[in-house]
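[1] 3D model of this:
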Amino acid sequence: MTTELLACEQVGKCYWDGNHDLDVLQGVNFSVNDGELLAIVGSSGSGKSTLLHCMGGLDTPSTGRILFRGNDIAKWSPRKLAEWRNQQLGFIYQFHHLLPEFTALENIAMPLLIQGQSAKQARLRATELLQRVGLGQRGEHRPAELSGGERQRVAIARALANQPALVLADEPTGNLDDDTAQQVMALMHELNQELATAFVIVTHDLKLAQSLPAQVRLQHGKIVTSLGEASQ
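    Just a heads-up that it's a prediction; the model follows:
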């Protein structure tokens, strides 16, 4: 039996460009279940990243609601939203956004320290995750000393540091060559199965999207196709 984790209900997002309203999202409806692995696919400008930002509480829909376990996140205070992002969500981006002055181990430990864990606890958890993503020997290296694929593996480990219910990934393979991209996608598949963490992966790459069991396709801000476990 599956349980709904996050739902988009009639989500719309409109921006004013100085001359007229620009509808980036229009009436988006779909849900993500606990432990689900889902792709949001669409061409550049289709609204994928905007939708992901709304789902993660980084942007606010102009219309509609984002529900997390049935709760409307728009009604939460900024403090509660920040706590939710730290404790329940993980984020992965096309460009890893690792802090360059810190080692791989320190980058992974950062969310745990922000949460209030001790330095010892954070280091132990970061070490476990580094080993799980195949970088057990690279913990003391800074981002500049790692390859693109290694940096993205560190970013994945950091996203999982607080054992989130949901990881939101925005073009996580967009800056990688094909072979490395396939390795990173395979790792996310494995972690999804192993940890029962839900992953929502935004990509413009239809081939990569089709490797996931569920897909939501966006075109001009609207869902045009919903496959697998995703539902409109």
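[2] show me where the chain has its helices.
    Secondary structure of the chain (DSSP state H): helices located at 48-55, 78-88, 104-115, 119-132, 148-159, 178-195, 206-210.
[3] alpha carbons of the fifth one, as PDB, please.
    What follows is helix 148-159, C-alpha atoms only, in PDB (Å, rounded to 0.1, in the frame of the first residue of the first chain):
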ATOM      1  CA  GLY A 148      32.600  16.100 -12.100                       C
ATOM      2  CA  GLY A 149      31.100  12.700 -11.400                       C
ATOM      3  CA  GLU A 150      32.700  12.600  -8.000                       C
ATOM      4  CA  ARG A 151      31.500  16.000  -7.000                       C
ATOM      5  CA  GLN A 152      27.900  15.000  -8.000                       C
ATOM      6  CA  ARG A 153      28.300  11.900  -5.800                       C
ATOM      7  CA  VAL A 154      29.300  14.100  -2.900                       C
ATOM      8  CA  ALA A 155      26.200  16.300  -3.600                       C
ATOM      9  CA  ILE A 156      24.000  13.200  -3.600                       C
ATOM     10  CA  ALA A 157      25.500  12.100  -0.300                       C
ATOM     11  CA  ARG A 158      25.000  15.600   1.200                       C
ATOM     12  CA  ALA A 159      21.300  15.500   0.000                       C
END
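[4] so which elements touch that helix?
    Helices and strands touching helix 148-159, by 3 or more CB pairs under 8 Å, 6 or more residues apart in numbering; DSSP states H and E, are strand 89-93, helix 104-115, helix 119-132, helix 178-195. (Glycine included, C-beta is placed from N, CA and C.)
[5] the same query, at a cut-off of 6 Å, please.
    Packing partners of helix 148-159 (3 or more CB pairs under 6 Å, 6 or more residues apart in numbering; DSSP states H and E): strand 89-93, helix 104-115.
[6] now residue 210: closest residue in space, sequence neighbours ignored.
    residue 39 (7.9 Å; CB to CB, 6 or more residues apart in numbering).
[7] that neighbour is in contact with residue 213, isn't it?
    No: assessed by CB atoms under 6 Å, residue 39 is found out of contact with residue 213, at 9.0 Å.
[8] ok, those two, which is more surrounded?
    residue 39 (28 against 15; other CB atoms under 10 Å).
[9] quickly list what that one is bridged to.
    Counting by DSSP bridges, residue 39 is bridged to residue 201, residue 215.
[10] how close does it get to residue 182?
    Look at residue 39 and residue 182: by CB to CB, to the nearest Å, they are 14 Å apart.
[11] likewise residue 223?
    27 Å.
[12] ditto for residue 212
    Residue 212 is 13 Å from residue 182, where distance means CB to CB.
[13] first-to-last residue distance for stretch 72-83?
    With CA to CA, to the nearest Å as the measure, stretch 72-83 spans 15 Å from end to end.
[14] who has more neighbours, residue 223 and residue 182?
    residue 223 (22 against 15).
[15] against residue 59, how distant is that one?
    18 Å.
[16] so what's residue 206 closest to, chain neighbours aside?
    Distances taken as CB to CB, 6+ apart place residue 41 nearest to residue 206, at 6.1 Å, with adjacent residues excluded.
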